[in-house]
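Novice: my questions are about this predicted structure, shown below with the sequence.
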Amino acid sequence: MHRTGIGYDSHRFAQGGPLRLGGIDIPSDVKCTGHSDADAVCHALTDAVLGAAGAGDIGALFPDTDAANRGRDSIEMLTIAVQRILAMGWHVHQVDVTVICERPKIGPHREAMCARLAHALSVPPGHVSVKGKTNEGMGFIGRGEGVAVIAVATIAPRGQ
Ligand code: MG
C-alpha cells in the first residue's frame, strides 16, 4: 500500500543572494526571507512527507516560536521529517516538485537539487523530480516578489 501527501510553500524575496532552494545555494540577486533558511522547496517537501504519513505538518514539528528554528537548515528539517515517518513504519518512495518563479531559471540547478534532496529523503536521485515554471508574469510571482513550491510525496511501508 502506498500513500501520497501534498505540500505547498511560498516565501517572499529580498535583495541579496544567493537563493537557497532545494538544499543548494543558487547564484541570484535575490534570496528568500523567513524564520529558518527559508528554503521553500524543503518546506513544501517536508509537509508532503508528513502529510502522506498523517504525521502533522512542518509548523507543528518546527514552530517559528522556537528560537532553535531561527536560520535553521531546512534540509535538516526534511531529514527529521523523514526519520519521523520511518519511526512510523514508512519510507519515502518518490517525490515530485514544481518550483514557480520568474527567476532564476531552475533547470540548470535541477541535478544538484535532486542529488541533495535524494540524500535527505534516503531515495535514489531518480526518485526525485524537480521542475521549474514561471507564472507567466501574473500575480506576486509574476512581479518577482517571491517563489511558490508545490510538492507531492509517495511513501510505502518499510521493507517494500
Ligand atoms: Mg516556508
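Specialist: Structure's in. What do you need? Numbers count the residues shown, from 1 in each chain.
Novice: now the residue lying closest to residue 95 once chain neighbours are set aside, what's its secondary structure?
Specialist: Sequence neighbours aside, residue 153 is the residue nearest to residue 95 in space, at 4.6 Å (criterion: Cβ to Cβ, 6 or more residues apart in numbering). Every C-beta, even on glycine, is put in place using the N, C-alpha and C of the backbone. Here residue 153 is strand, with the state taken from DSSP: H, G, I helix; E, B strand; the rest coil.
Novice: the one residue in the chain that gets nearest to the ion: helix or strand, and which one exactly?
Specialist: Of all residues in the chain, residue 43 sits closest to the ion, at 3.5 Å by Cβ to the ion. Element membership for residue 43 (DSSP states H and E) is helix 40-53.
Novice: give the next helix or strand downstream of that helix.
Specialist: Sequence order places helix 58-61 as the next helix or strand after helix 40-53, per DSSP H and E.
Novice: for the residue of the chain closest to the ion, what are its contacts?
Specialist: For residue 43, the contact set (Cβ atoms under 8 Å, 6 or more residues apart in numbering) comprises 7, 9, 36, 58, 74, 77, 149.
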